[in-house]
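Colleague: this one's structure only:
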């Protein structure tokens, strides 16, 4: 076990300062960077109904490549919610609509950056107009809260 499972469903009640969620996300991203990319890509592609080529590009975009983010060349910061989406997509269990939106968003963002030379900020904004992960995630979280699941 890579330590990911010990965190379970973290939320504002059991992690009010977000420290455990931040640690979980950082561990997940580092684990992905040092994992068998081909195996991960194959599983996510199968579970999401997308091509391995597309998922491979998303993997590189999110976990490997460095981007100019507000004038600093670096990898994306880790995100608990994205880590959980990627975990579900890899495991093929309890995949949510916003998990698929995430893949589509990251695919479009990477394409805008690589093919058309848009900077990361503009690419993110444009991709969010078509595939808004935050909006889809927020709607899902509200539904979970209203159902007493979070």
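Modeller: Good, I have the coordinates. Just so it is clear, the structure is predicted and the values come from calculations on it, not from any experiment.

Colleague: The single longest helix found in the chain packs against which elements?
Modeller: Assignment by DSSP state H gives helix 97-116 as the longest helix of the chain. Counting contacts by 3 or more C-beta pairs under 8 Å, 6 or more residues apart in numbering; DSSP states H and E, helix 97-116 packs against helix 37-48, helix 52-59, helix 80-91, helix 120-130, helix 133-146. Using the backbone N, CA and C atoms, a C-beta is placed for each residue, glycine as well.

Colleague: To residue 11, which of these lies closest?
Modeller: Across the helices and strands packed on helix 97-116, residue 11 has its closest neighbour in helix 133-146 (8.9 Å, C-beta to C-beta).

Colleague: Can you give the distance of that closest one from its chain's centre?
Modeller: Averaged C-alpha coordinates place helix 133-146 at 15 Å from its chain's average position (C-alpha atoms, centre = their mean, to the nearest Å).

Colleague: Pull the residues that contact it.
Modeller: Contacting residues not belonging to helix 133-146 are listed as 81, 82, 85, 96, 97, 98, 101, 102, 105, 128, 150 [C-beta atoms under 8 Å, 6 or more residues apart in numbering].

Colleague: ok and it relative to helix 80-91, angle-wise?
Modeller: In terms of direction (axes from the mean of the first three to the mean of the last three C-alpha atoms, to 10 degrees), helix 133-146 departs from helix 80-91 by 90 degrees.

Colleague: Helix 133-146 vs helix 120-130, what angle?
Modeller: Put simply, helix 133-146 runs at 50 degrees to helix 120-130, going by the same axes, to 10 degrees.

Colleague: can you pull the contacts of residue 99?
Modeller: Counting by C-beta under 8 Å, 6+ apart, residue 99 has contacts 48, 85, 86, 88, 89.

Colleague: Find the nearest non-adjacent residue to it, please.
Modeller: Nearest residue to residue 99, sequence neighbours excluded (C-beta to C-beta, 6 or more residues apart in numbering): residue 85, at 4.2 Å.

Colleague: First-to-last residue distance for stretch 9-23?
Modeller: End-to-end distance of stretch 9-23 (C-alpha to C-alpha, to the nearest Å): 13 Å.

Colleague: What's the mean pLDDT across it?
Modeller: Summarised as a single mean, pLDDT over stretch 9-23 is 85.

Colleague: now do stretch 86-103
Modeller: Computed over stretch 86-103, the mean pLDDT rounds to 97.
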